[in-house]
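Asks: Predicted model follows, preceded by the sequence.
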Amino acid sequence: MGEGQANPILRELVEAGEADWKGRVLVPGCGMGYDALVLASPDREVIGLDLSPIAVTEANRVRDAAGLTKEQVSFLAGDFFSLDAKHGFDLIVDSLFFCALPPKFRSRWAHKMMTLVEPKQGELFTLIHPIGSWTDGPPYAVSPQLVKDTLEPVGFHAKELRPSTMEGRWIGRWKL
């Protein structure tokens, strides 16, 4: 993934019409917001969240330059683990957030996802990469089995877990 682009797998799914998601969407660890922007649609209220106020300022600038409104895509500076959503999200897209977290936070990540995904109708969509076994990071090496083993204890089950069209990257769709 190059600088200034959405995750190519996510972009591919949106452009192919496979991303038929509707409702409230959260993109944690959104950085400059490119994944949130590619998800913009009249059927979605997209919220990008990042710990860095500088990243959020830049994401707002990029959104405005793209001609999108705050109603279509909004960005918040804040801590994912402290996020208190009054209503669950219909979709949470984790593109690079899980692999950026030190391993000691993985269980907390899963528990927080459980509290943020709307039960039954909501979905957690994970782009699982980089696949590997190294221990330094970020990014930290991940695997489909690691994500599955992290999510299942809190009640998620895989609706879909498959390799993507890009070698070494997997797609996971999870439901409560």
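Replies: In hand now; what should we look at?

Asks: what's near enough to touch V38?
Replies: The contact partners of V38, taken as C-beta atoms under 8 Å, 6 or more residues apart in numbering, are 6, 10-11, 14. Using the backbone N, CA and C atoms, a C-beta is placed for each residue, glycine as well.

Asks: Just give the nearest non-adjacent residue to M113, would you?
Replies: Spatial nearest neighbour of M113, excluding adjacent residues (C-beta to C-beta, 6 or more residues apart in numbering): L124 at 5.5 Å.

Asks: What are the buried residues along the helix or strand A36 falls within?
Replies: Following DSSP states H and E, one finds A36 within helix 34-38. Residues of helix 34-38 classed as buried by neighbour count (16 or more other C-beta atoms under 10 Å): 34-38.

Asks: Next: stretch 45-65.
Replies: Buried, per 16+ other C-beta under 10 Å, within stretch 45-65: 45-50, 55-56, 58-60, 62-63.

Asks: What lies in contact with it?
Replies: Taking C-beta under 8 Å, 6+ apart as the rule, stretch 45-65 contacts 23-37, 39-40, 70-80, 83.

Asks: From these, list the buried ones, please.
Replies: Buried by 16+ other C-beta under 10 Å: 23-37, 39-40, 72-75, 80, out of the contacts of stretch 45-65.

Asks: contact partners of stretch 24-32?
Replies: By C-beta under 8 Å, 6+ apart, the list of residues contacting stretch 24-32 reads 4, 33, 35-36, 39, 44-52, 55, 58-59, 62, 75, 80, 83, 85, 87-97, 100, 116, 118.

Asks: Kindly export the longest helix seen in the chain (C-alpha atoms) in CSV.
Replies: Counting by DSSP state H, the longest helix found in the chain is helix 53-65. The C-alpha trace of helix 53-65 is given here as CSV (Å, rounded to 0.1, in the frame of the first residue of the first chain):
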residue,chain,number,x,y,z
PRO,A,53,-4.8,14.8,16.3
ILE,A,54,-2.3,15.6,13.5
ALA,A,55,-3.5,12.6,11.4
VAL,A,56,-7.1,13.6,12.0
THR,A,57,-6.4,17.2,10.8
GLU,A,58,-4.8,15.8,7.7
ALA,A,59,-7.7,13.3,7.2
ASN,A,60,-10.1,16.2,7.3
ARG,A,61,-8.0,18.1,4.8
VAL,A,62,-7.9,15.1,2.4
ARG,A,63,-11.7,14.6,2.8
ASP,A,64,-12.4,18.2,2.0
ALA,A,65,-10.1,18.1,-1.0
